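*Asks:* this one's sequence-less:
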């Protein structure tokens, strides 16, 4: 092989394998890689919550048709003087725990009112309530417990109703994940050259349809 041929071959190798790409191209490729990675794994992480909130969106929209199996029961019991505590400062915690443990109730305490003759409070959870009235003079109580059924439970979970602080965090994190999945999906369409225009047109059209339906049909 001649010297000229060797130099030509080496120059071609440098031009082909070692010439650095422009910064804009490298940034574009890296953005596509990172966005695709985020979209795939965020979608997998959020799969369960996406499915849950999609299904419960339907059950909420048709709550009356799907709400079946509500059960109501009336409970009665007595309280000791120790449970009630002094008249001017009743032991509210002891009263609630006695009623909860005696009758197998659950839920967080809500709307407690202390009056001269009665104490009223509710225990509430998703699809659940236990409204309690305590007769302080007779040392008795009455509970109306309502279990609204499975559909009501998942609907309340969707709305974050009577679900507590931990589930509130679940809703917030789910909202962030869904936002990131949507944004990364939108960014990815810009790297799919053959589908970019049609994808963007569909996204805009769907948004306009939603806005139009809202303007025309929502009271």
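*Replies:* Perfect, I can see it now. These numbers were taken from a predicted model, which means no experiment stands behind them.

*Asks:* touching, residue 111 and residue 119? I think so.
*Replies:* No - applying Cβ atoms under 8 Å, one finds residue 111 not in contact with residue 119, separated by 11.3 Å. C-beta here means a position set from N, CA and C on the backbone, and glycine is covered the same way.

*Asks:* give me the pLDDT for residue 147.
*Replies:* What the model reports for residue 147 is a pLDDT of 94.

*Asks:* give me phi/psi at it?
*Replies:* When quoted as degrees, to the nearest 10, the phi and psi of residue 147 stand at phi -110, psi 110.

*Asks:* that one pairs with what?
*Replies:* Following DSSP bridges, residue 147 is listed with bridge partners residue 71, residue 128.

*Asks:* name the nearest residue to the spatially most central residue of the chain, ignoring sequence neighbours.
*Replies:* Centrality entry for the chain: nearest residue to the mean C-alpha point is residue 171, 3.0 Å, by Cα atoms, centre = their mean. Here the nearest residue to residue 171 in space, its sequence neighbours aside, is residue 160; by Cβ to Cβ, 6 or more residues apart in numbering that works out to 5.1 Å.

*Asks:* name the element residue 55 belongs to?
*Replies:* Using DSSP states H and E, residue 55 maps to helix 47-61.

*Asks:* so which bits of whatever helix or strand comes next after that helix are buried?
*Replies:* Stepping forward along the backbone from helix 47-61, the first helix or strand reached (DSSP H and E) is helix 63-66. Judged by neighbour count using 16 or more other Cβ atoms under 10 Å, the buried positions of helix 63-66 are residue 66.

*Asks:* contacts for helix 63-66, please.
*Replies:* Identification of contacts with helix 63-66 by Cβ atoms under 8 Å, 6 or more residues apart in numbering yields 59, 151-152, 155.

*Asks:* please redo it, this time with the cut-off set to 6 Å
*Replies:* With Cβ atoms under 6 Å, 6 or more residues apart in numbering as the contact definition, helix 63-66 has outside contacts at 59, 151, 155.

*Asks:* which among those residues end up buried?
*Replies:* 59, 151, 155.

*Asks:* just for the chain, where's the confidence low?
*Replies:* By pLDDT under 70, the low-scoring segments of the chain are 1-19.

*Asks:* what residues go with each domain of it?
*Replies:* Dividing the chain into domains by automatic domain parsing, as the record does, gives the ranges 22-63+154-217, 71-147.

*Asks:* show me where the protein has its strands.
*Replies:* 71-78, 108-114, 118-125, 128-135, 140-147 (DSSP state E).

*Asks:* comparing residue 111 and residue 119, which residue is more hemmed in?
*Replies:* Neighbours were tallied for residue 111 and for residue 119 using other Cβ atoms under 10 Å; the higher tally belongs to residue 119 (20 against 10).

*Asks:* residue 38 versus that one, what's the distance?
*Replies:* Counting by Cβ to Cβ, to the nearest Å, the gap between residue 119 and residue 38 amounts to 53 Å.
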